[in-house]
Structures are given as C-alpha cells and as structure tokens.
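Asker: mind looking at a prediction? Sequence and model below.
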Amino acid sequence: MASASSKIDTYQNFIGNQWVSSSDGSTFADEDPSLRGSTLALFPSSTVQDIAKAIDVADAAFKSWKRTAVEERQRHATRFLDLLEGATDALASIVARENGKTVREARAEIHSALSEGRHHVAQVSRFYGQSLPAGTQGCIGWEQFHPLGVVAIISPWNFPMNVMCRKALPALLTGNTIVFKPATFTPWSGVTMAKLFESAGFPEGVFNCVAGLGSTIGNALVDDPRVKAISFTGSTYVGKKIHERAAKNLTRTQLELGGKNALIIMPDADLTAAVNAAITAGFACAGQWCTSTSRVLVHRDVHREVCDRLAARCEQMRVGDPEDEKTDMGPVAGTDQFTSISKAIETGLSEGARMLTGGPGKGDLERGYFIRPTVFDNVVPDHTIFREEIFGPVLAVIPAKDFDDALRIANGTEFGLTGAVYSKNPQKIARAAEEFHVDNLYLNRKCTGAMVGAHPFGGFNMSGTASQAGRQDYLLMFLQGQATA
Ligand code: NAD
C-alpha cells in the first residue's frame, strides 16, 4: 500500500485489488494541519486514465458481484466492520492527524460509522421484494430490486471515514460495485479504508479507490455513462456542478450539501443546556460539520446573558494538538479552510458585526491552521456571515423579538439542514416541529449528525437532494425496482 521514499511514505490507488501508482506517476502532498508546510505522506495525483481503469474493473466485477448471495455480501460487510472496530484507535489517530479533529471526535466518527454500517447490514434484507395481485385472475405479480452497476462515491474531508462508509456499505450490500474518490485533504483516511476493504476479502474490482483532484478525476467519474449513480457529499457549489453534469446521462445523484443551521433560545429555556448545545454543536470538529450550529437566535430578554456565557465558555476551551485527549478543538483541516474562515471573520467585522471572542490563533497556535472558537454578536440577516456557510468555528448571534421572529429568521437562508430549539413551552416546540424548515430538528437537544435509521438526512433546498423520496434511504438509493407479472 505504501512505499517509503526518503522519510515520507508514498501511497497508491487501489484498482482491481492491486495497489498502483497514478498512470503518469505524479503525486500530491497531504499536509499536516497542525504544522504548516509539513507533509504527512504523498498520494497519487490520479489521471482520467486511472479513473477509466477503475470504472473498467468495477464494471467487469459487477457481473458476478450482483449475483453474489445477499448473505455473502453481508458476511463481507460484517468482516469489514469488525476490522474497522478492531482498529478504531489507530484509525482515529490517522483522522486526527490528517483532518485536525480531536482524537475523541475521530473515535466518535468511527463509532458512528460502525452503528450505521451494522444497521445497513441488518436492513438490506428489507429489499428482497414482495408478491402482488397482478390484476388478472390466476396471475401473480412480484416486485424485485436490482443493483444499478458502478456507483461513484465522492466524499468530503470532514468525516473522511464515516461518510464513505455510509455510502459504500449500502451500495455494496445491494450488489453494486464502487469507485471511491476521497477528498483531497484526507486521502490517507481514504486509502486506509480501501486497505480495510481489501482485508475484508471483497472480490477483485468490487471496491476501488482513486485519489486526486476533484476538478480532474471528479469530472471524469461523473461524465462516464457506465457510472449509474453518484453519491456525493460536499459543498453546494460542487454539488450543483455534479448535478448539472450528471443530467447529461440522467445519472442518479444523491447530494448531501451545505448548511447554515440555527439554534433558537427562548427565555423560558434551560439556559445552561442551551449554551452547552451552542458550544458543542458549534465547535465540535472545529465547526466543520455540515450539521453544526452556526447561527444562534436568542430572544432579546436573554440575549446579553447568552452572549456573555458563550464568550466565557469559548475562552475556557483548549485549542491545540488534536491527538491530546485533553484538547477541545484542533486546527481546521488545511490551508484553504484557514484562508476562507479567516476571510469570513474579516467580512463579519467589516460589515459591522461585533466579535466577542476568537479569531485566527496567535503565538504558538500560528504553527498550524488554528482558529480560536469565535462568537459574533450584532449580526443581522443582511450580513454575509448570517447567509453563507463558513464551515469553521464561528457562531453568529442574532437577537430575536419573539418566537415568531426567531422562526422567521431561522428559515431565512437558502439552506435547510438541521435546527434546534430550546424552550419549555410545548406550543412553541410543536410549532417548531411544523414550521422550522429543516430535515433534522432537535428539540431541547443539541444538533448532532444523522439519526441512525431515520430516512431524512441530507437537507432541503440548497442543502441537497438526499431527503427527497427515493433518495432518502441509503439502500434504496442504489437499487432499481422492477415489477413482473
Ligand atoms: P467540496 O465540495 O469542496 O468537495 C467534496 C468532494 O468533491 C471532494 O472529494 C472533492 O475533491 C470533490 N470535487 C471537487 N470538485 C469536483 C468536481 N468538479 N467533480 C467531482 N468531484 C469534485 O466539499 P468539502 O470542502 O470536501 O466538504 C465541505 C462541504 O461538505 C461543506 O459544504 C459541508 O456542509 C458539506 N457536507 C455536507 C454533509 C451533508 O450530509 N449534508 C456532510 C458533510 C459535509
């Protein structure tokens, strides 16, 4: 898998159960976000020829994998999950080093991949089909589900192990084969997952991993008519581009995109719990979580108190080495992230919002891409930091006149991913369940990720298409229905 060249390892693609370099031998460096300029390892900067080769072998492998008994596919998936579970600590350390999230957060990511994966292994038998009255006497009909073929998985760097598992296991369990493109910031996590698929004994060509730039190999993957479905998680900008390109071949897409998630705090709420929720949902994984809270809408009667408490909590947070168990927040994922979050902070200041605490790390923190937990007050809906996803550790606090005002402001973005409401009033809670336009709503609970087993996840509007009927179920997404009489 890796060969040592001087002190830095060079990793390869996994195509047709072989570890191979890119066709032109080029590589790119995976930078350590905790230490600017230092390289963790080198990865293939793959070409369109590499993608074509991976699709060739995945297409060839589909012919026999689709006929493999479901029980056999479940056995392979279970072996993979057992290996993942056994290696949790070592894998968490890779995620922490490469992505910058803390090792505790990385372990939680792997635990969630395990629980979702085991859920999918158990659920795949729901799709054996059923018999039906065919409408004519003496005639029985039946419905059955067929796999689609080659599935492209394009994943982001923020949950490099969990997001790919959430897509790959359902696709494989339903009889599809895979070409997986890990994110450019996290190829190490991607290649490590490919190694686990190899060790789990999946047949040749069933799972393939090709690293490289989205703009080069991502397009080649999306444009190939042999790719029958694209499961993408990433930014709204790239998701829209993929959607447009995929339309040329009418390729099925599952798009899980950005968010600008709001947490509403009413004066009757348990304020300690509400502030805890804003801190944990706002700053977990340094705010680089699609479901993170990024806007805090506070009733004006408790606005001052909530701002003071948020700022005080942020100042107590330990920012530093992600591999240290005591660290609360590691660096952001890399140089591009650092630049775009720093720019968003500057824009917030120049447009008149007030920074209560935070900003880019100073002193010792300048060694890596560290941003301190940041809270802005005096934010209004015209501000860019109110509207646009920052994808970093930045909370925007907005005062609201009353509950109606808070709901209106919360719904006032182009996104619709997650939301949370803190109030002890049952009428307000019931109204939020009806009128808060998000697909995952948390009532007196902090925003977290997907609920295992719940169909809706992936957002309304510019947050994606994954909550739409037919795409909401990770297993059904990769199946084609057929009725026969
Ligand atoms: P990104 O869109 O920049 O990249 C995502 C993936 O797409 C990467 O693998 C990238 O290499 C690839 N890519 C880039 N250009 C491409 C192209 N032209 N064709 C095909 N692939 C291409 O996103 P990111 O920065 O990796 O991740 C952060 C974003 O992901 C945030 O917006 C976040 O909200 C979103 N996200 C959403 C969810 C969800 O479930 N809704 C979950 C996690 C992250």
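Answerer: Yes, it's here.
Asker: is there contact, residue-wise, from stretch 378-387 to the ligand?
Answerer: No. On the criterion C-beta under 6 Å from any ligand atom, stretch 378-387 is out of touch with the ligand, staying 13.9 Å away. Just so you know, the C-beta spots here come from the backbone N, C-alpha and C atoms, and that holds for glycine as well.
Asker: how about the strands of the stretch 101-250 of the chain, start to end?
Answerer: The residue ranges that make up the strands of the stretch 101-250 of the chain, judged by DSSP state E, counting those that start in this stretch, are 130-133, 140-147, 150-154, 177-181, 207-209, 227-233.
Asker: ok, now the stretch 251-400 of the chain?
Answerer: The residue ranges that make up the strands of the stretch 251-400 of the chain, judged by DSSP E, counting those that start in this stretch, are 252-256, 261-265, 293-299, 354-360, 371-377, 394-400.
Asker: name the helices or strands packed onto the first one?
Answerer: If contacts are counted by 3 or more C-beta pairs under 8 Å, 6 or more residues apart in numbering; DSSP states H and E, strand 252-256 sits against strand 227-233, helix 236-247.
Asker: between strand 252-256 and the longest one, find me the angle.
Answerer: Angle, helix 236-247 to strand 252-256, by axes from the mean of the first three to the mean of the last three C-alpha atoms, to 10 degrees: 180 degrees.
Asker: and the angle for helix 236-247 with strand 150-154?
Answerer: Comparing the axes of helix 236-247 and strand 150-154 via the same axes, to 10 degrees yields an angle of 160 degrees.
Asker: can you pull the residues of this protein lying near the ligand?
Answerer: Neighbours of the ligand within the chain, by C-beta under 6 Å from any ligand atom: 154-159, 163, 181, 183-184, 214-215, 218-219, 222, 233-235, 238, 241-242, 256-259, 290, 389, 391, 417, 458-459, 463-464.
Asker: sorry, back to before: JSON lines for the strands of the stretch 251-400 of the chain, including mean pLDDT, mean neighbour count and distance to Ile429?
Answerer: Compiled in JSON lines, the strands of the stretch 251-400 of the chain are given as follows (pLDDT from 0 to 100; neighbours: other C-beta atoms under 10 Å; distance: least, C-beta to C-beta, whole Å):
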{"stretch": "strand 252-256", "mean pLDDT": "92", "mean neighbour count": "23", "distance to Ile429": "27"}
{"stretch": "strand 261-265", "mean pLDDT": "97", "mean neighbour count": "28", "distance to Ile429": "10"}
{"stretch": "strand 293-299", "mean pLDDT": "98", "mean neighbour count": "27", "distance to Ile429": "15"}
{"stretch": "strand 354-360", "mean pLDDT": "98", "mean neighbour count": "17", "distance to Ile429": "29"}
{"stretch": "strand 371-377", "mean pLDDT": "98", "mean neighbour count": "25", "distance to Ile429": "26"}
{"stretch": "strand 394-400", "mean pLDDT": "97", "mean neighbour count": "25", "distance to Ile429": "16"}
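Asker: mind putting those strands into TSV with distance to Asn276?
Answerer: Rendered in TSV, the data for the strands of the stretch 251-400 of the chain read as follows (distance: least, C-beta to C-beta, whole Å):
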stretch	distance to Asn276
strand 252-256	27
strand 261-265	11
strand 293-299	11
strand 354-360	17
strand 371-377	14
strand 394-400	13
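Asker: if we can go back for a sec, now, of the helices and strands packed on strand 252-256, which is deepest in the fold?
Answerer: Ranked by average neighbour count under the criterion mean count of other C-beta atoms under 10 Å, those are headed by strand 227-233 at a mean of 25.
Asker: Provide the strand pairings for it, with the direction of each partner.
Answerer: For strand 227-233, the paired strands and their directions (DSSP bridges) are strand 150-154 (parallel), strand 252-256 (parallel).
Asker: so Leu196 sits against Glu85, correct?
Answerer: No. Contact status for Leu196 versus Glu85: not in contact, 10.5 Å apart, counting by C-beta atoms under 8 Å.
Asker: if you count what's nearby, which of these two comes out ahead?
Answerer: Neighbour count, other C-beta atoms under 10 Å: between Leu196 and Glu85, Leu196 has more, with 21 against 15.
Asker: who's in contact with the more buried one?
Answerer: 80, 83-84, 87 (C-beta atoms under 8 Å, 6 or more residues apart in numbering).
Asker: which helix runs longest in the chain?
Answerer: What stands out as the longest helix in the chain, according to DSSP state H, is helix 103-123.
Asker: show the average pLDDT along that one.
Answerer: Per-residue pLDDT values over helix 103-123 give a mean of 95.
Asker: gap between that helix and the chain center?
Answerer: Between the centre of helix 103-123 and the centre of its host chain there is 13 Å, according to C-alpha atoms, centre = their mean, to the nearest Å.
Asker: helices and strands around it, which ones?
Answerer: Helices and strands touching helix 103-123, as assessed by 3+ C-beta pairs under 8 Å, 6+ apart, comprise helix 70-86, helix 88-99, helix 162-173.
Asker: so the last one versus strand 252-256, what angle?
Answerer: Here the directions of helix 162-173 and strand 252-256 differ by 150 degrees (the same axes, to 10 degrees).
Asker: what's the angle from helix 162-173 to strand 140-147?
Answerer: For helix 162-173 against strand 140-147, the angle between stretch directions is 140 degrees (the same axes, to 10 degrees).
Asker: for helix 162-173, packing partners?
Answerer: Packing partners of helix 162-173 (3+ C-beta pairs under 8 Å, 6+ apart): helix 70-86, helix 103-123, strand 150-154, strand 177-181, helix 187-199, strand 227-233.
Asker: just want the angle from the fifth one to helix 162-173.
Answerer: In this structure, helix 187-199 runs at an angle of 30 degrees to helix 162-173, with the same axes, to 10 degrees as the basis.
Asker: I appreciate the help and will end here.
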